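**Q** Pasting the sequence and the predicted model now:
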Amino acid sequence: MPETDYFSKYRAYFLSQNDAPRSDAGAHPPFVTISREAGSGAETVAHLLAGKLNAKRKPDEQPWMVFDKNLISKMLEDQHLPQAISQLIREDTDATVESLVGELLGLNPSMWTLFHHTSDTILKLARLGRCIIVGRGGCIITAKLRGGLHARLVASNAQRLAHLKSHFGYDDKAAEQYLRESDAGRRRYLKANFDHDLDDPLLYHATLNTGLLGFEETADALAILLGSQHA
């Protein structure tokens, strides 16, 4: 089934459950959050993992969905906000400075508001389960929910640069700049918004080296870890 069809079904289920009462009793649906170093292949791994999990799902179960770049679009849609705003909401910028500037300029909605909307969307998706959330502090936002698997993906600088050049078509200079700025920006984002260190191993169930494992094997390892949690 094409991913667009999966998304339509997931969206319909999301809307039907949006106002349903929540309970901490009983089984909790599975979900995955992925933190990553730039160029470690998180999006590739996330989609491989979703494919593996969907191949084993029962016909009556909701499909697994990946929320990476489309997460912000999902939030804006839920909040009935213009999609053009997505260009202002980047994970690798100084959220604190941009939020303050937005408040001073009277932007509506403010960056603070958009951050809280994004966090709320992540929390709702995790409560529904069967989703793989890439970045945006997902592991911290959902830390108190049972059923989640939190992973961080890393790789050597050389391997990350090679992936950026082959996957995104960057030249050497652009790849190095992207690597440097993205890693620094994501650390700022987590520190400014959650007061956490992105490299803190206690935030994750596992840290996997995609450079050593490969993307396919990393997805397999995550599927096994998730299965062991919900056996």
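**A** Yep, that arrived. Since the model is a prediction, treat every value here as computed from it, not as a measurement.
**Q** Buried residues of the longest helix that the chain contains, list them for me.
**A** Longest among the helix segments of the chain by residue count, using DSSP state H, is helix 172-194. Neighbour-count burial for helix 172-194 flags 175, 178-179, 182-183, 185-186, 188-190, 192-194 (criterion: 16 or more other Cβ atoms under 10 Å). C-beta: built from backbone N, CA, C; applies to glycine.
**Q** a markdown table for those residues, including pLDDT and distance to Pro30?
**A** Converted to a markdown table, the buried residues of helix 172-194 look like this (pLDDT from 0 to 100; distance: Cβ to Cβ, whole Å):
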| residue | pLDDT | distance to Pro30 |
| --- | --- | --- |
| Ala175 | 91 | 34 |
| Tyr178 | 89 | 32 |
| Leu179 | 91 | 31 |
| Ser182 | 89 | 28 |
| Asp183 | 91 | 29 |
| Gly185 | 87 | 30 |
| Arg186 | 88 | 25 |
| Arg188 | 86 | 30 |
| Tyr189 | 84 | 26 |
| Leu190 | 86 | 24 |
| Ala192 | 81 | 30 |
| Asn193 | 80 | 25 |
| Phe194 | 85 | 23 |
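**Q** ok so, going back, I'd like to know which elements the longest helix of the chain is packed against.
**A** helix 95-105, helix 157-168 (3 or more Cβ pairs under 8 Å, 6 or more residues apart in numbering; DSSP states H and E).
**Q** remind me which residues of the chain are low pLDDT?
**A** 1-27, 70-114, 231 (pLDDT under 70).
**Q** all strands of it, in order?
**A** Ranges of strands in the chain, per DSSP state E, are 31-36, 65-67, 131-134, 148-154, 206-209.
**Q** would you list those strands in JSON lines and tack on mean neighbour count and distance to Ala223?
**A** Output for those, formatted as JSON lines (neighbours: other Cβ atoms under 10 Å; distance: least, Cβ to Cβ, whole Å):
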{"stretch": "strand 31-36", "mean neighbour count": "27", "distance to Ala223": "9"}
{"stretch": "strand 65-67", "mean neighbour count": "25", "distance to Ala223": "14"}
{"stretch": "strand 131-134", "mean neighbour count": "27", "distance to Ala223": "11"}
{"stretch": "strand 148-154", "mean neighbour count": "22", "distance to Ala223": "10"}
{"stretch": "strand 206-209", "mean neighbour count": "16", "distance to Ala223": "12"}
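**Q** I'd like these laid out as JSON lines, including distance to Leu125.
**A** What follows is the strands of the chain, written out as JSON lines (distance: least, Cβ to Cβ, whole Å):
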{"stretch": "strand 31-36", "distance to Leu125": "7"}
{"stretch": "strand 65-67", "distance to Leu125": "6"}
{"stretch": "strand 131-134", "distance to Leu125": "5"}
{"stretch": "strand 148-154", "distance to Leu125": "11"}
{"stretch": "strand 206-209", "distance to Leu125": "21"}
